[in-house]
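> Fold the stuff below for me.
(chains A, B, C and D)
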Protein chains: 2
Amino acid sequence: MMDTEKNKDYTIDNEQLARFAKAMGHPARITILQFLASLDSCYFGDIHNELPIAKATVSQHLKELKEAGLIQGEIETPKVKYCINKENWEKAQHIFGAFFEINVEKTACCSPEP
Amino acid sequence: MMDTEKNKDYTIDNEQLARFAKAMGHPARITILQFLASLDSCYFGDIHNELPIAKATVSQHLKELKEAGLIQGEIETPKVKYCINKENWEKAQHIFGAFFEINVEKTACCSPEP
DNA sequence: AATATTGTTCGTAATTTTGCGAACTACGAA
DNA sequence: TTCGTAGTTCGCAAAATTACGAACAATATT
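Residues are numbered from 1 along each chain as shown, chains lettered A, B, ... in the order given. All right, here's what the predicted structure looks like:
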């Protein structure tokens, strides 16, 4: 049959952007990313110390950030060192940058506030 | 008592960034935002037509984007016209921009891949 | 008045998220 | 070996998210 129907699947790029955004969709995870980027420390204990939540919960948030690709961790016995995943961080920079490049001025649709 | 304890609350900025990110944390909502920004149309029906989900679900996603402040809607009987909330869109641009301005090069912590 | 169009809201179900304490692992020091 | 440190994982509960069809509302058309 002909392919006249519109493809309604989400694009890979949109899936990826949503994935990153979702990972960033919690204040604890934003705080973690900022802390890691500021490089006051990379250790779990110090990250935990910045946050108002239990260590088990911090561990979970770190796991999610890791699964989204935004951070990585390595064991440095007896501590665990986390850091930004540089490659994917840059990917996120670009993908968010492109997303927000859209010129809203030019595309105003609803009438402005009267 | 003295306030020697570290304040572990999330900052307003981090809460706001997480709020925006969370709203963007679903491919359908990313697609909606892009569609509205591209201005092929502003009407619910056309938005629905772009997505692989039921209209009730589309309506819910639009509601969430509206509650996060990223879009706004107005009735244009018998249709409903949605659009980007310009003010908050720019706010999001800035807040995401600032977030990703962090220089990861300078802050690399974990050893690079060997 | 009956119909059609355009979306929203309701009720419901399945899944995911968030959070915690307790138990556990791994290692080094006493 | 026993203890302490540093985190992870487990088990659970509460809440939020995602999704749908059916019912509903508001308006225009016949």
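> At the contact with DNA strand C, which residues of chain A appear?
Within chain A, the positions lying close to DNA strand C (C-beta under 7 Å from any atom of the strand) are A:22, A:25-26, A:28, A:53-57, A:60-61, A:64, A:77-78. Placement of C-beta: from N, CA and C, glycine included.
> Could you give the backbone dihedrals for residue A:101?
phi -70, psi -20 (degrees, to the nearest 10).
> hang on, isn't residue A:34 packed against residue B:14?
Yes - using C-beta atoms under 8 Å as the test, residue A:34 is close enough to residue B:14 to be in contact (7.2 Å).
> higher neighbour count, those two?
In terms of neighbours (other C-beta atoms under 10 Å in any protein chain shown), residue B:14 is the more surrounded of residue A:34 and residue B:14; the figures are 20 against 17.
> which residues sit against stretch A:21-37?
If you take C-beta atoms under 8 Å, 6 or more residues apart in numbering or on different chains as the criterion, stretch A:21-37 is touched by A:41-42, A:46-47, A:50-51, A:53, A:57-58, A:61-62, A:64-65, A:67-68, A:70-71, A:82-84, B:10-11, B:14-15, B:17-18, B:21-26, B:30, B:99, B:102, B:104, B:107, B:109.
> next one: the longest helix seen in chain A to chain centre, how far?
Identified as the longest helix of chain A according to DSSP state H is helix A:86-100. Helix A:86-100 has its C-alpha centroid displaced from the chain centroid by 10 Å (C-alpha atoms, centre = their mean, to the nearest Å).
> thinking again about what came up before, so which of the contacts of stretch A:21-37 are in helices?
Counting by DSSP H, the members of the contacts of stretch A:21-37 that fall within helices are A:46-47, A:50, A:57-58, A:61-62, A:64-65, A:67, B:14-15, B:17-18, B:21-23, B:30, B:99.
> Buried only: go through the residues you listed for me.
Of the members of the ones in helices among the contacts of stretch A:21-37, the ones counted as buried by neighbours, 16 or more other C-beta atoms under 10 Å in any protein chain shown, are A:47, A:50, A:58, A:61-62, A:64-65, B:14, B:17-18, B:21-23, B:30, B:99.
> Out of the residues you listed, which comes closest to residue A:90?
Of all those, the one sitting nearest residue A:90 is residue B:99; the distance, using C-beta to C-beta, is 13.5 Å.
> Mind giving me the packing neighbours of the least confident helix or strand in chain A by mean pLDDT?
Ranked by mean pLDDT, DSSP states H and E, the helix or strand of chain A with the weakest confidence is strand A:71-76, at a mean of 91. Under the contact criterion of 3 or more C-beta pairs under 8 Å, 6 or more residues apart in numbering or on different chains; DSSP states H and E, strand A:71-76 touches helix A:27-38, helix A:55-67, strand A:79-84.
> Partner strands of that strand, with direction?
strand A:79-84 (antiparallel) (DSSP bridges).
> before we move on, back to that, out of the helices and strands packed on strand A:71-76, which is the most enclosed?
helix A:27-38 (a mean of 21; mean count of other C-beta atoms under 10 Å in any protein chain shown).
> what about that helix, distance to the chain center?
Taking the mean of its C-alpha atoms, helix A:27-38 sits 10 Å from the chain's own mean (C-alpha atoms, centre = their mean).
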